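Novice: Model the structure of this input:
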Amino acid sequence: MTHRGADNHEADGLFAALPKQKGVEPDTQRHPAAASDSTAPYRMRISRLTVDKLGIKLYDRVSAVLAEVIANAYDADATDVQVRLPFNTWLTPRHGKLATESYEIVISDDGHGMTREEVNDHYLLVGSDRRGRFGRDTSSTRGRRVMGRKGIGKLAPFGICRTVEVITAGGVPDEHGYRVSHIKMNLNDMLFDTEKNYFPEVGEMDGTFTHQHGTEIRLRDFNRKLVPKGEDLHRQLCARFGIRRDDWDVQVTNTRAGEALPGFPQDTFRLGELKIDLLEDTKVVFDRTPILPHESPSLPVSGWMAFAKDPYKDDVMAGVRIYTRGKIAALTRDFGASAGFTGEWSVRSYLTGELHVEWLDEEEDLIRSDRQDIIWTTELGQSLQSWGVAQVKALAKRGRSATRKRTQEVFEKAADIDTRLQREAPNDPQYRHTVKEAFRVLVADSDRESASDAQRVENKFQLAKDIAPHKELLETLHQVSKETDSPLDLVLTLFQKARVAEFYALGQVAQERVAVVSRLRQLVKDGTTLERPLQELIEKAPWLLAPEWTPLGMDAQLDRVRDAFESWYFRRTNQMITTSTIQNPSRRPDFVFLNGPRESIWVVEIKRIGHHLLDEEFTRAHEYLGCLEDFLDETPEFGRLFPLRKLTFVVDHTDRLSRTNRELLKVSPQIEQRNWFDLLEQTDKAHQDFLKKVESMRHEPESY
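Specialist: Purely as a prediction, here's the structure:
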């Protein structure tokens, strides 16, 4: 890749190699490069405010600048546009860093081009209504409905660079060909404090001739702007145009060597339709649908709206894109619909679409100057907004079942549910079906992104296996209740289902407990285990401390206590406290909350294997218990739910405690100490009969 300087134009652009005609000298020899009087060939009258507000401020992204230049090529009846720039590149280094390469962006087209007079009268005239100036709103040869109107898009490149070079040839050719006009504009020279004429530098090709008409724009001397990756740039450009024509082709080529991207052979892509996978049965098509069917004008709208199949790759693909004359006018997520309607979450997350609303840019211009939004406060803008809100709400209702179905599919794939159920219950298709149905119900309204959380998916799957046998039992009971004579075979089926439900429920609990006890045994026997894995295990399986506790972990009520206590503690002490590794996995907790029977709350201080408890650790945990009691006493709505409060140290040694603290540990009914080997032995003993019973059910289910 060669990056061209101001005077080095290699043969890769429309005007890269112009033929010299015999006896014809470029006009640059007759006009100085920077003239300042009435003899200057090119003049622009512009104020600093205009360039700053309409160029630099409105267009600060590479894709937005390219879109403006490409739109000008479309209005010039170009059939082929070539864009060359480095993908995935910062165009200038950070402040204080030396530039290792000098980049250039080149946009060339085969449109009708411009003569010197047209450059002066049209291109260098800023802020003039293009359609009023030409007396029509269609292009000169192909009759295209032109995109430009306000005459400020030519300033867009100054949003990302300081030097813009224009090389153009048009008009009627003579025996030498098309006469070339070549100017170079520098932003620093244009930023006058007062309005006055600006004389662009005359380029070296000015006055030469070429055999083809068209225009080439070269951008250099960039601000610190990022050219996106090829696939991202493609999406951004596709989103800005709603043009579908056989006589219109835009090719974008990467000039940065060695940056080939999957899906973009030879570092090149052609501007096409923005590809978004849509959810089946959600697409609604509009074919010049009137938004005011009983009024005149009826204001027709064409295009479609739907739900995306998966979350958006970026904001460009989100919401409904509204085009006029093939160029984007606005992007809306929901047309400003107020909160609280059915299916609102799906709309905010997956709504997409493409609407063509030509009347936004007819007699009355309803589009903001930056072409980024509609002027919704106008009467026609309000009409479009009301119609859009109605369509969004209708789509939300229709699409709810489709989005839920897609969410279920994503979770089922994440859980690998079919494979696992076939392995666990190969001879029980009814059980597999019931588990799958229960799983679908549990995940139907989940955030689809959470399917990437393996632990959350696993929790849903395990809960579905707990629920499924009981659901099957209830369905059988319902079937029996419909039979007036209660046939014996159905009654026997009911009892069989009850046995199956018990078997699967106990089997699931057994699997979980065997795995947890084995993990605890492994950690204890290791002898070097630190606190973190032990804390996580105890939080997820509190029944290790008290077998009568359920293995369900923290309930919602306790989570509320956690949050409220942490806030209360901070207000009281101005110190942050973490009460759970589950809630804050990146931080080591000061202590762990656990709940057992609903009337008790337990503070557990866990230390690594072989640790000797120190006085400061004992005192800190004891103070936490005191703070917790104060909080519960001051917060009656929580205090009456948890009247019993307890502190347990799980630590192997207490010999380094002071006599006072050792005595307190012995006599206080609220404080106890357990070592890890005793805890493991107690757990094994407490669950021995239970595990034997379940194991016998696994091998001899016919005897129960």
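Novice: got the contact list for stretch 410-428?
Specialist: Contact partners of stretch 410-428, identified using CB atoms under 8 Å, 6 or more residues apart in numbering, comprise 431-432, 435-436, 439-440, 443, 446, 448, 451-452, 454, 457-458, 460-461, 500. Where you see a C-beta, it was placed from the backbone N, CA and C, and this is true even at glycine.
Novice: Could you verify that Leu664 is part of a helix?
Specialist: Yes - according to DSSP: H, G, I helix; E, B strand; the rest coil, Leu664 belongs to a helix.
Novice: Val301 falls within a strand, correct?
Specialist: Yes - according to three-state DSSP, the state of Val301 is that of a strand.
Novice: With Gln391 as the reference, measure out to it.
Specialist: Distance, Val301 to Gln391, by CB to CB, to the nearest Å: 9 Å.
Novice: Just the pLDDT for Ile582.
Specialist: pLDDT for Ile582: 50.
Novice: try the one 4 residues further on
Specialist: The confidence metric pLDDT takes the value 54 at Ser586.
Novice: Tell me where the model's unsure across the stretch 601-704 of the chain.
Specialist: Flagging of the stretch 601-704 of the chain using pLDDT under 70 yields the residue ranges 686-704.
Novice: Which positions in stretch 658-665 come out as buried?
Specialist: Asn661, Arg662, Leu665 (16 or more other CB atoms under 10 Å).
Novice: which other helices and strands contact the one helix or strand the first one maps to?
Specialist: So that's Asn661. Counting by DSSP states H and E, the element that carries Asn661 is helix 659-667. Using 3 or more CB pairs under 8 Å, 6 or more residues apart in numbering; DSSP states H and E, the elements in contact with helix 659-667 are helix 615-634, strand 671-674.
Novice: Show me what the shortest one is packed up against.
Specialist: Where contact means 3+ CB pairs under 8 Å, 6+ apart, strand 671-674 is packed against strand 644-650, helix 659-667.
Novice: Give me the contact list for that strand.
Specialist: By CB under 8 Å, 6+ apart, strand 671-674 touches 545, 613, 622, 625, 646-651, 654, 664-665.
Novice: Using CSV, write down the CA coordinates of that strand.
Specialist: In CSV, the C-alpha atoms belonging to strand 671-674 read as follows (Å, rounded to 0.1, in the frame of the first residue of the first chain):
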residue,chain,number,x,y,z
ILE,A,671,-21.4,-17.9,68.6
GLU,A,672,-19.8,-21.2,67.6
GLN,A,673,-16.7,-22.6,66.0
ARG,A,674,-16.4,-25.6,63.7
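Novice: May I see the buried residues of it?
Specialist: Using 16+ other CB under 10 Å as the test for burial, strand 671-674 gives Ile671, Gln673.
Novice: quick one: strands adjacent to that strand?
Specialist: Here strand 671-674 is paired, per DSSP bridges, with strand 644-650 (parallel).
Novice: on that earlier part again, including distance to Pro293, could the helices and strands packed on strand 671-674 go into JSON lines?
Specialist: Output for the helices and strands packed on strand 671-674, formatted as JSON lines (distance: least, CB to CB, whole Å):
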{"stretch": "strand 644-650", "distance to Pro293": "68"}
{"stretch": "helix 659-667", "distance to Pro293": "82"}
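Novice: Quick one: closest of the ones you listed to Lys309.
Specialist: strand 644-650 (48.5 Å; CB to CB).
Novice: Output the closest one in CSV with nothing but the alpha carbons.
Specialist: What follows is strand 644-650 as a C-alpha-only set of coordinates in CSV (Å, rounded to 0.1, in the frame of the first residue of the first chain):
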residue,chain,number,x,y,z
LEU,A,644,-32.9,-15.6,65.6
ARG,A,645,-29.4,-14.4,64.7
LYS,A,646,-26.2,-16.6,64.8
LEU,A,647,-22.5,-16.3,64.1
THR,A,648,-20.4,-19.3,63.1
PHE,A,649,-16.6,-19.4,62.5
VAL,A,650,-15.5,-22.2,60.2
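Novice: Next, the angle helix 615-634 makes with it.
Specialist: Angle of strand 644-650 versus helix 615-634, following axes from the mean of the first three to the mean of the last three CA atoms, to 10 degrees, is 160 degrees.
Novice: how big is the angle separating strand 644-650 from helix 659-667?
Specialist: Using the same axes, to 10 degrees: strand 644-650 against helix 659-667 is 120 degrees.
Novice: Just the buried positions in strand 644-650, please.
Specialist: Buried-residue list, strand 644-650, by 16+ other CB under 10 Å: Arg645, Lys646, Leu647, Thr648, Phe649, Val650.
Novice: filter the contacts of stretch 410-428 to the buried ones?
Specialist: By 16+ other CB under 10 Å, the contacts of stretch 410-428 give 431-432, 435-436, 439-440, 443, 446, 448, 451, 457, 460-461, 500 as buried.
Novice: Relative to Ala239, which of those residues is nearest.
Specialist: Arg448 (22.5 Å).
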